[in-house]
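S.K.: Coordinates for the following, if possible.
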Amino acid sequence: MTPQARQGPVRNIVRLAWPMLISQWAGIAFAVLDSTMLGHTNPISLQAMALSVSIFMTIHIGLMGIVHALVPICAQLFGALRHAEIGRFIGQGIWLSLFLSIIGGTLLLFPDVWLSYSGDLPLQVRQEVAVYLRICCVALPAALMFRCVYALATAVQRPRLLMYISLASVLVKLLFNWLLIFGHGGFPELGSAGAATSTAIVSWIALAAGLLAVSRDRFYDPFKLRLGHPVWSAQKEILQLGLPMGGSYLAEVSSFTFMALLAAREGTIVSGGHQILANLVSLLYMLPLAIGIATSSLVAQALGARQPDQARRLARIGIGLGLAGVVLSLLIVMTARPQIIQIYTSDPAIAAMAYALLTILPLLHTSDALQCMLSYILRAHKIATMPFVIQTGSLFGIGLVGGWYFGFGPGYRQLDGVAALLTPGAPPGVASLWIMCSFSMLLCAITLAIWYWKSVNVRKQ
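M.R.: Model (predicted):
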């Protein structure tokens, strides 16, 4: 009997999801801390940070998605009681993380390629972005290796380890931000470079804490955790699932990255308002993400234990819990919209821009949450290629390309009527980007739901 079969499915999903939610919120708090602290310095640094974070997160999350293939792989092994194999895969994941960090670090060294989509930016913005990304090269290996610890703890239902490390990381990040952004305690005032430096420091501290905790916890002894040497057969198995997973992650995050780059064409005020909405979307996304990952882990364990009916039941309950969380989140945010914006910025022009853009949040967040949870449930079945195709076609093809077409291309201002309802008062460029992004999320969610229904029914027969 699998661990989740001993208790009610709702309780198991919640028990696994809430520490993961806090961990995810703590992770996104890094960007929120950077945005809020730099937002009270000057708009130039805020824009530079917004562009830098968008570029770094595109590379980081795309590569992280490959490493996250360890979650369904290890969860199925855990459900099948094949514990010793889990340690072998985690070691291979560490090697894979190091290889991927070389690729990602190389991409971070060419910021002008990314910024070519943003039009004419002030020289100071370009310089700050270049410095920020060079520092992030140091953070990337630690961030990716920590994802192996994350995958292990998630697969075997030990998410509190991640929560404790993440909460501690936020406090350390806050301290180093205060020291390095503003130049307190005798440190130089580094601005956005200080934010990047603090991220690098905290990433390595978190990795060390995670490895130390796992090595000293007797619970992990049966998994025989070890590094070993790179083995192509194991690397291939991770990559077969991880590459389409990473592609899905990349499709979603890159659409937001290029939206930020395109929005920068309309100026610093628009870019700042866009960044506030993007931060809120990321913050709210953590709830369906946590529920989706928790549900996926339990579904994979049920499949490993050869309990397909339980897996389908867990999937339905997980989606229902996620939607309930979406409704509650939207009620809170939309009611406290002015107060939330004040936390991000004291600039009245940026605040007005953010207020206009936030009108589209209910449609965007609901669609985003659904596609997120469905994609994770499909990955629990080791179905990753089709979600990648669907998400890439919808989010990148329709969302991003459509946003450019109506916001900056031949279809300029053709969405003015829709924008008056969904983003009243926002410039046509950034309004079109968010409208098409929301529509693409909705289309993606519907298509993934159809594909899941077809997949589980075919397998049931």
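S.K.: Help me confirm that residue 374 comes into contact with residue 448.
M.R.: Yes - contact criterion CB atoms under 8 Å: residue 374 and residue 448 qualify, at 4.0 Å. (Glycine included, C-beta is placed from N, CA and C.)
S.K.: Could you name every residue contacting both of those two?
M.R.: Counting by CB atoms under 8 Å, 6 or more residues apart in numbering, the contacts common to residue 374 and residue 448 are residue 387.
S.K.: Name the residue in the two with the higher neighbour count.
M.R.: Taking other CB atoms under 10 Å, residue 374 and residue 448 do not tie; residue 374 has more neighbours (27 against 23).
S.K.: and the residue nearest to residue 364 when sequence neighbours are not counted, how many neighbours does it have?
M.R.: Once flanking residues are discounted, residue 364 sits nearest to residue 438: 4.3 Å by CB to CB, 6 or more residues apart in numbering. For residue 438, the neighbour count with other CB under 10 Å is 24.
S.K.: Show me the shaky parts of the protein.
M.R.: Along the chain, segments meeting pLDDT under 70 span 1-7, 39-43, 117-119, 457-461.
S.K.: Longest helix of it, counting residues only.
M.R.: Longest among the helix segments of the chain by residue count, using DSSP state H, is helix 268-304.
S.K.: Could you give the separation of that helix from the chain centroid?
M.R.: In terms of CA atoms, centre = their mean, to the nearest Å, the centre of helix 268-304 is found 6 Å from the chain centre.
S.K.: and what of stretch 92-107?
M.R.: The chain centre lies 18 Å from the centre of stretch 92-107; the measure is CA atoms, centre = their mean.
S.K.: Okay, buried residues for it please.
M.R.: Using 16 or more other CB atoms under 10 Å as the burial criterion, the residues of stretch 92-107 that qualify are 92-97, 100-101, 104-105, 107.
S.K.: next one: stretch 203-219
M.R.: Using 16+ other CB under 10 Å as the test for burial, stretch 203-219 gives 203-207, 209-211, 213-214.
S.K.: again with stretch 403-423
M.R.: Neighbour counts over stretch 403-423 (16+ other CB under 10 Å) mark 403-408, 415, 418-419, 422-423 as buried.
S.K.: what's the span of it, first residue to last?
M.R.: Stretch 403-423 has an end-to-end distance of 14 Å (criterion: CA to CA, to the nearest Å).
S.K.: again with stretch 399-409
M.R.: Note: stretch 399-409 ends 14 Å apart using CA to CA.
S.K.: what's next to it, contact-wise?
M.R.: Stretch 399-409 is contacted by residues 254-255, 258-259, 262, 265, 411-415, 428-437, 439-441 when judged by CB under 8 Å, 6+ apart.
S.K.: try stretch 440-454
M.R.: Counting by CB under 8 Å, 6+ apart, 255, 315, 363-364, 367-368, 370-371, 374-375, 377-378, 386-387, 390-391, 394-395, 397-400, 402 sit against stretch 440-454.
S.K.: Quick one: distance of that stretch to the chain centre.
M.R.: Relative to its chain's centre, stretch 440-454 lies at 20 Å (CA atoms, centre = their mean).
S.K.: Could I have the CA atoms of it written out in CSV?
M.R.: These are the backbone C-alpha positions of stretch 440-454, laid out as CSV (Å, rounded to 0.1, in the frame of the first residue of the first chain):
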residue,chain,number,x,y,z
SER,A,440,-3.2,31.5,-25.0
MET,A,441,-3.3,30.2,-21.4
LEU,A,442,-7.0,29.5,-21.7
LEU,A,443,-6.5,27.6,-25.0
CYS,A,444,-3.6,25.7,-23.5
ALA,A,445,-5.7,24.6,-20.4
ILE,A,446,-8.6,23.4,-22.6
THR,A,447,-6.3,21.4,-24.9
LEU,A,448,-4.4,19.8,-22.0
ALA,A,449,-7.7,18.8,-20.4
ILE,A,450,-8.8,17.1,-23.6
TRP,A,451,-5.5,15.3,-24.0
TYR,A,452,-5.5,14.1,-20.3
TRP,A,453,-9.1,12.8,-20.7
LYS,A,454,-8.1,10.9,-23.9
